[in-house]
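A.B. asks: With the sequence up front, the predicted model follows.
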Amino acid sequence: ADQLLAYAAIKEGKNVVWIPSYGPEMRGGTAYCTVVISDERIGSPIINNPLSACVFNRPSFDKFMPKIRPGGFLLVNSSLINAKTDRTDITEYLIPASKIAMEAGSPKATNVAMLGGFIAASHVVKYDNVRKAIEDKLSSKASVLQVNFAALERAYGRLRKDAAVGV
């Protein structure tokens with residue numbers, strides 16, 4: 001999802017820094033990735049207090065929720081996280097990303113469902129550019145491509161609807 005977000009931003013001519021976290025996190029810890037997108041030159045890719053975060057599981061919720069900058073937002077995979085923040089200085093969006101991915105055809109599409117929710121909440125890149133990034137990345141795998149398109153569309157539509165009513 002992070003890489004697709006970066007590709008979509010590049011398609012829009014934005015400056016992008018993408019820093020994935022590899023190491024022991026891949027073996028059960030709280031893996032994470034930083035994506036910085038800006039219309040301006042990016043001075044440093046190191047972000048201590050991000051404007052937003054997508055959290056897929058409870059350990060990530062516990063680790064990253066306190067770091068969100070006031071005025072920012074947290075996107076929570078409510079399929080796996082049965083918790084809500086008590087912070088009043090951020091907006092929290094709950095999206096059942098794992099459930100949406102399963103309905104779309106594969107649990108592996110959870111990251112794309114979260115991406116759909118993220119772009120609906122942030123408007124940082126255009127939906128069509130994310131869709132094009134997915135197509136570019138997965139064009140050789142037609143069945144996987146359609147599952148990811150379905151997950152993106154369902155999550156994007158759901159969060160747009162929920163955000164409109166103030167959820």
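C.D. replies: On my side now, so go ahead.

A.B. asks: The residue lying closest to Thr91 once chain neighbours are set aside bridge partners, please.
C.D. replies: Excluding the flanking residues, the one nearest Thr91 by Cβ to Cβ, 6 or more residues apart in numbering is Phe73, at 4.2 Å. Every C-beta, even on glycine, is put in place using the N, C-alpha and C of the backbone. Here Phe73 sits in beta bridges with Ser52, Thr91, going by DSSP bridges.

A.B. asks: what's the neighbour count on Ser78?
C.D. replies: Neighbours of Ser78 under the rule other Cβ atoms under 10 Å: 17.

A.B. asks: sorry, that was for Phe73
C.D. replies: 19.

A.B. asks: which residues in this protein form helices?
C.D. replies: 2-11, 58-64, 97-104, 110-122, 127-138, 142-164 (DSSP state H).

A.B. asks: now the protein, which segments are flagged as low pLDDT?
C.D. replies: In the predicted model of the chain, residues 22-30, 162-167 satisfy pLDDT under 70.

A.B. asks: Quick check: most distant residue from the centroid of it.
C.D. replies: What lies farthest from the middle of the chain is Ser140; by Cα atoms, centre = their mean that is 23.5 Å.
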